[in-house]
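>>> Below are the sequence and a predicted model for it; my questions follow.
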Amino acid sequence: MRRVGTGEWRGWREATEEALYGPCGFYRGPEGPAGHFRTSVHASPLFAGAVARLLCRVDEALGRPAELAFVDMAAGRGELVTGVLAALPAEVASRARGYAVERADRPVGLDHRIEWLTQPPKGITGLLFANEWLDNVPVDVAEVDATGVPRLVLVRDDDGAERLGEPVAGAAAEWLRRWWPLAPEEAPFPGTPSEEPPFLGTPSEEVPFEGARAEIGLPRDTAWAGAVATLDRGLAIAVDYAHFAAARPPFGTLTGFREGRETAPVPDGSCDITAHVALDACALPGGRVVTQRAALRALGVSGARPALSLAATDPTAYVRALAGAGEAAELTATGGLGDFGWLLQPVGIPNPMIAGLLADDPLADGPLVDGLLVDVPDHEEK
C-alpha cells in the first residue's frame, strides 16, 4: 500500500490525479489494474476477439489501408492490444500496427510490435478503443449546500475527509447547467422536450436538496474530444459504466476499489478512484451510445448455450463451447458488464457497427438502441 497523502485539502480532481498517476500513484504499481478489479478484457479472450472483428470491419470501411492502427487507451499492461493483434487474420495482421497508451512503464516482455506511449499517436487511420479509460480521468465533485448553492467538494488526501469549498463557477458551472443541474436557478437542458432526442431526456428541474452531488465531467469531455481528434479516419470507441441526463444519480458515483472490493475513496494512492461517465456529454456530433450487450452481440458474442446434441457427438467440443458461452454471458450480462455503454464515434467513414446493430436489435433503426442510443445532432456544439 502506497501512501502519498500530505493532509492537504484539495479538490477531488487534483487529489485524484496525484493519487492515481503521481510518482507513487495507484496505477504505478507492478500489479496493474488486473490486480484490483476485473474488466471485460480480463473476463474473457472473447472480448479481444470481438474487438479484433470490429477492427476488421473498420479496415473494410477504410478500404484496407497500407497501415491499420489499433490504439488501446488506458492499456493497463497491454492485455487488450496483445489479444487483438493475436486474433487478427494474417492478411490484416500484416498491415496492423498496435499502440498502447498508458502512463505506467512498459511491461517487460510485451510484444515488440506494440508501441508504448503516454499520449495517443496523431494522424492515425484505424480504431481507437478506450476501455474503462474515461472513468479514471479525474473530475471535481460538486455538492449543494444548505442554501441551495453547488460548491466544490474539497478532500483531505490522507484520510478522505471532505468539506465544502467555493461555489462552482466558470466553465464547470456551465457544464453542470447543461448536463447535471444541481441548483433551482440553473436553466434546464436547452430546447423544449419535443425538440430533444428522446433518449437524452430533460434533466430534472426539481429543487435540489442539501447534499445532492454531481461529478463535473468537463475534463472527460475534453479528453475524449482530444482522443477522437488524433484520428484522420476511422472509429473511436469509449467503453465505460455510464449514466445519462434523464436519470443522473442524486449523490454521484465517486468510489474506490482495492483488491477486487469496493472501498471508500481515499486519494492516498492506496486504491483506485473512479466515477461513472456521462457518456451523453462526451459524445461528439455523429456519436452513438449502445450497451455492451448490443455491441458484442453484433460482433458475434451471444452467450447462447451449445446444442445438447454436440455433447453426444463431440463431448470435448461441447465442454469448450459451454465454457465460452459462460464467458460470453458474463460479458453481456444485464446488471453487469453488459450494461456498460459503448460510445461509437466514426471519423470520416460510415459507422461500421450499424449494420450489425440493425440486425441484432429491432430498436436500432429508431431513436433508441438497446434503450441507450443517442445521436447527437450535428448542429449542437459542446
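Cool, the structure landed.

>>> Enumerate every residue touching Pro65.
Applying C-beta atoms under 8 Å, 6 or more residues apart in numbering, we find Pro65 in contact with 59, 95, 125-126. C-betas here are computed from N, CA, C, even on glycine.

>>> Which members of those occur in helices, if any?
Asp59 (DSSP state H).

>>> shaky segments in this structure?
Along the chain, the model assigns pLDDT under 70 to residues 1-5, 29-38, 183-208, 303-312, 314-315, 317-318, 320-327, 354-382.

>>> How much space separates the most centrally placed residue in it from Pro150?
The centroid of the chain falls nearest to Asp240 when counting by C-alpha atoms, centre = their mean (2.9 Å). Distance of Asp240 to Pro150, computed by C-beta to C-beta, to the nearest Å: 24 Å.

>>> cool, Leu299 as well?
Distance of Leu299 to Pro150, given as C-beta to C-beta: 41 Å.

>>> what about those two, which has more around it?
Pro150 (27 against 21; other C-beta atoms under 10 Å).

>>> Name whatever forms a beta bridge with the more buried one.
Taking DSSP bridges as the rule, Pro150 bridges to Val144.

>>> How about the residue nearest to the centre of the chain, nearest residue that isn't a chain neighbour?
Spatial nearest neighbour of Asp240, excluding adjacent residues (C-beta to C-beta, 6 or more residues apart in numbering): Val277 at 4.4 Å.

>>> For that neighbour, give the beta-bridge partners.
Beta-bridge partners, per DSSP bridges, of Val277: Ala242.

>>> surely it meets Phe244?
No: between Val277 and Phe244 there is no contact under C-beta atoms under 8 Å: 10.1 Å.

>>> Among these two, which residue is more densely surrounded?
Val277 (30 against 19).

>>> May I have the residues that are in contact with the more buried one?
Counted by C-beta under 8 Å, 6+ apart, Val277 has contacts 134-135, 217, 220, 238, 240-243, 341.

>>> Check the gap between it and Arg248 for me.
Look at Val277 and Arg248: by C-beta to C-beta, they are 12 Å apart.

>>> what do you get for Gly78?
In terms of C-beta to C-beta, Gly78 sits 34 Å off from Arg248.

>>> Kindly report the same for Gly22.
Separation of Gly22 from Arg248 (C-beta to C-beta): 30 Å.

>>> Compare neighbour counts for these two and give me the winner.
More crowded of Gly22 and Arg248, by other C-beta under 10 Å: Arg248, with 22 against 16.

>>> so what's the backbone phi/psi at that one?
Note on Arg248: backbone dihedrals following degrees, to the nearest 10 are phi -70, psi 140.

>>> Ok, Ala225 next?
For Ala225, the backbone dihedrals (degrees, to the nearest 10) come out as phi -60, psi -40.

>>> which residue sits closest to it, ignoring its sequence neighbours?
The shortest distance from Ala225 to any non-neighbouring residue, by C-beta to C-beta, 6+ apart, is to Leu284 (6.4 Å).

>>> The one you found - that's part of a strand, no?
No: under DSSP: H, G, I helix; E, B strand; the rest coil, Leu284 falls outside any strand and is assigned coil.

>>> hang on, it packs against Gly226?
No: look at Leu284 against Gly226 with C-beta under 8 Å: they stay out of range, at 11.1 Å.

>>> more neighbours, the two?
Just comparing Leu284 and Gly226: by other C-beta under 10 Å the higher neighbour count belongs to Leu284, 19 against 11.

>>> right, and Ala69 touches Ala100 too?
No: if you go by C-beta under 8 Å, Ala69 and Ala100 don't touch, sitting 11.9 Å apart.
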